[in-house]
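Trainee: Next input, structure requested:
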Amino acid sequence: MAWLLVVVAGILETGFAVCLKLSHGFTRLWPTIAFAVFALGSFGLLTLSLRKLDVGPAYAVWTGIGASGTAIYGMVFLGDIVSTLKIVSIVLVLAGVIGLQLSGSSH
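Mentor: Prediction:
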């Protein structure tokens, strides 16, 4: 269950990063509110998961999902440049996160 919380927290991290961009420096109300909701949810779930998990692997999974999800979202929906190097880099981030998670132990 703790790993599920980390995965959902990582997805929410993607949401808060995208909303941060869409808020245009906190000048747009609804993206700013969505940013706050996603950020609180993401940090809250990560905090709950850390009751059972080692901090290193859990944090790596959280940031890996958030960074990869944000990059993919930007390429698909926000017109960010798509390149082979970007896609390979995302795959490498995810592979590193999976490797770190597999090398760690939970309580």
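
Trainee: Tell me which helix or strand the spatially most central residue of the chain sits in.
Mentor: Closest to where the C-alpha atoms of the chain average out (CA atoms, centre = their mean) is residue 66, at 1.5 Å. Using DSSP states H and E, the element containing residue 66 is helix 55-77.

Trainee: separation between residue 95 and residue 101?
Mentor: Applying CB to CB, to the nearest Å, the value for residue 95 to residue 101 is 11 Å. Any C-beta I mention is one placed from the backbone N, CA and C, and that applies to glycine too.

Trainee: Compare the two (neighbour count), which wins?
Mentor: residue 101 (19 against 11; other CB atoms under 10 Å).

Trainee: Quick check: nearest residue in space to that one, chain neighbours excluded?
Mentor: Once flanking residues are discounted, residue 101 sits nearest to residue 57: 4.6 Å by CB to CB, 6 or more residues apart in numbering.

Trainee: Then residue 2?
Mentor: residue 52 (4.0 Å).

Trainee: Wait, that neighbour touches residue 6, no?
Mentor: No - contact criterion CB atoms under 8 Å: residue 52 and residue 6 do not qualify, at 9.9 Å.

Trainee: Looking at the two, which is more packed in?
Mentor: Neighbour count, other CB under 10 Å: between residue 52 and residue 6, residue 6 has more, with 24 against 14.

Trainee: correct me, but residue 73 touches residue 11?
Mentor: No - Residue 73 lies out of contact with residue 11 (CB under 8 Å); the separation is 10.4 Å.

Trainee: burial count for the residue nearest to residue 101?
Mentor: Neighbour tally, residue 57, other CB under 10 Å: 21.

Trainee: Quick check: it vs residue 18, distance?
Mentor: From residue 57 across to residue 18, the span is 25 Å (CB to CB).

Trainee: Now for this structure, the helix or strand with the poorest mean pLDDT.
Mentor: Lowest by mean pLDDT, DSSP states H and E among the helices and strands of the chain is helix 84-103, with a mean of 90.
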